[in-house]
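Participant: what follows is a predicted protein model with its sequence.
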Amino acid sequence: MVRHFLKLSDLGAEEARAVVERAMALRAKPALNRQQFAGRTLAMIFMKNSTRTRVSFEAGMAKFGGHALFLQPGATQLGRDEPISDTAKVLSRMCDAIMIRNDSQADQAELAVNAQVPVINGLSELHHPCQLLADLQTWFEHRGDPRGKVAAWIGDGNNVCHSWIEAAGMFGFTLRIAAPAGYAPDAALVAAAGRHVEVVADARAAVDGAEVVVTDTWTSMGQEAETQKRLADFAGYEVDRALMAQARADAIFMHCLPAHRGEEVSAEVIDGPQSVVWDEAENRLWAQMALLEHLWQLG
């Protein structure tokens, strides 16, 4: 049966844990002469710009002997309004998996319905599950099993936040979310997470005793016209040294990048000793290699 990965919960809790553990093993002993992906091709559809998503998938395929194709609307028939269902059927006959990064979870679902190979969400407006595999790997590597612990999300209740919400229930930790009025995460996702997610009044309450502090840019791609309003609305939500001091003394800081120093995070935090953002970025590579192995049943 073809497995897709459009949101983190498309993997069962034990499957997700196995993928993260495999990613840690790959990083610990890369064995770059392996050829698990030999003869396999990953089609990568990018409707939005990318650094980490593109490089991690492309490099991961190459490290295990496979090949990745970079596809953009302006250079494919998707840019001329070819139905996404037709694209899915064609790519399924030529490639072994499809990764798509776009603004529509609904389009990703349509792609998956019409594809005969795994479809992977490289980012949508609702979820960013590949980022969470890397974030969870980073948490395990630096602080051990998240179960029973506390993470704090500070800022916009966006796609990355939604994937953190799913992760909380699947990995058994508490996620406290502090977002300004009008920027709260999806209420249905919060409700589904039950006791694992708490929406609190302010950033200080969210980070109190937290082991992990996470944030993201206040203005994502496509929201540039809202920049000035968002800067005003998010005043008081910067993760700075004073806010980190409210967390556990050994708390780590995460950010999916790109970061805007002086906005959602201060330079002294993201470039300081509690920051693990560079390990987090690298782990996109190992987590996605482990994910591909799992979807292709190679592990």
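Facilitator: Nice, I can see it. Numbers count the residues shown, from 1 in each chain.

Participant: heading C-terminal from the helix or strand harbouring E166, find the next helix or strand.
Facilitator: Using DSSP states H and E, E166 maps to helix 159-171. As assigned by DSSP H and E, the chain's next helix or strand after helix 159-171 is strand 174-178.

Participant: that following strand pairs with which strands, parallel or anti?
Facilitator: If you go by DSSP bridges, strand 174-178 pairs up with strand 150-154 (parallel), strand 197-199 (parallel).

Participant: next, the buried residues of it.
Facilitator: By neighbour count on 16 or more other C-beta atoms under 10 Å, the buried set for strand 174-178 is T174, L175, R176, I177, A178. Every residue, glycine included, has its C-beta placed from N, CA and C.

Participant: got the buried residues for stretch 226-241?
Facilitator: Quick answer for stretch 226-241 (16+ other C-beta under 10 Å): R230, D233, F234, Y237, E238, V239.

Participant: endpoint to endpoint, that stretch covers what distance?
Facilitator: End-to-end span of stretch 226-241 (C-alpha to C-alpha, to the nearest Å): 27 Å.

Participant: please compute how far that stretch lies from its chain's middle.
Facilitator: How far stretch 226-241 lies from its chain's middle: 22 Å, per C-alpha atoms, centre = their mean, to the nearest Å.

Participant: go on, stretch 173-189?
Facilitator: 16 Å.

Participant: mean neighbour count, the strands paired with strand 174-178: which tops it?
Facilitator: strand 150-154 (a mean of 27; mean count of other C-beta atoms under 10 Å).

Participant: in the stretch 151-299 of the chain, which spans are strands?
Facilitator: For the stretch 151-299 of the chain, applying DSSP state E, counting those that start in this stretch gives strands covering 174-178, 197-199, 212-215, 252-255.

Participant: so which of those strands is nearest H67?
Facilitator: Minimum separation from H67 across the strands of the stretch 151-299 of the chain (C-beta to C-beta) falls at strand 252-255, 30.9 Å.
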